[in-house]
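Asks: test case, fold it:
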Amino acid sequence: MVKAARDRLPDRVAIGVLTKTFPPELVDAVIDQAKARELRKRSLPARLTVYFTLAMWLWREHGYEEVLRQLIDGLGWSGAGPDETDVAWSGSIT
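Replies: Residues are numbered from 1 along each chain as shown. From the prediction side, this is the model:
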């Protein structure tokens, strides 16, 4: 249990840096300016898609599903995550 918590700390720090550099308000403003906001409720909303794209650079050695899992865990911890846990996984992403 201690090892698992220690292993996730760098991931949480990386997500913290990501959300500090690109705060949710900024990401939302850019999405709105680009007129890329989803019109219906999606399992991979626009804000999460932006963070997912950035997170793929943080965890280049992992597959899409693992990157998304780490991202959702970290965003949930930081308070910048999606409102619901029902998000897309690898089949929806590709």
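Asks: pull out the buried residues from the strand or helix carrying E66.
Replies: Element membership for E66 (DSSP states H and E) is helix 64-78. If you call a residue buried by 16 or more other C-beta atoms under 10 Å, then helix 64-78 has these buried ones: Y64, V67, L68, R69, Q70, L71, I72, G74, L75. Quick note: C-beta positions are derived from backbone N, CA and C, even for glycine.
Asks: just stretch 15-29 next, same as before
Replies: So, applying 16+ other C-beta under 10 Å, buried residues of stretch 15-29: I15, L18, T19, F22, P24, V27.
Asks: how about these in CSV, adding pLDDT, secondary structure and distance to R37?
Replies: Shown next, in CSV, are these (pLDDT from 0 to 100; DSSP: H, G, I helix; E, B strand; the rest coil; distance: C-beta to C-beta, whole Å):
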residue, pLDDT, secondary structure, distance to R37
I15, 83, helix, 23
L18, 89, helix, 20
T19, 88, helix, 19
F22, 93, coil, 17
P24, 91, helix, 13
V27, 95, helix, 11
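Asks: would JSON lines of those with distance to S43 be doable?
Replies: JSON lines is the format used below for the buried residues of stretch 15-29 (distance: C-beta to C-beta, whole Å):
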{"residue": "I15", "distance to S43": "20"}
{"residue": "L18", "distance to S43": "21"}
{"residue": "T19", "distance to S43": "21"}
{"residue": "F22", "distance to S43": "21"}
{"residue": "P24", "distance to S43": "18"}
{"residue": "V27", "distance to S43": "18"}
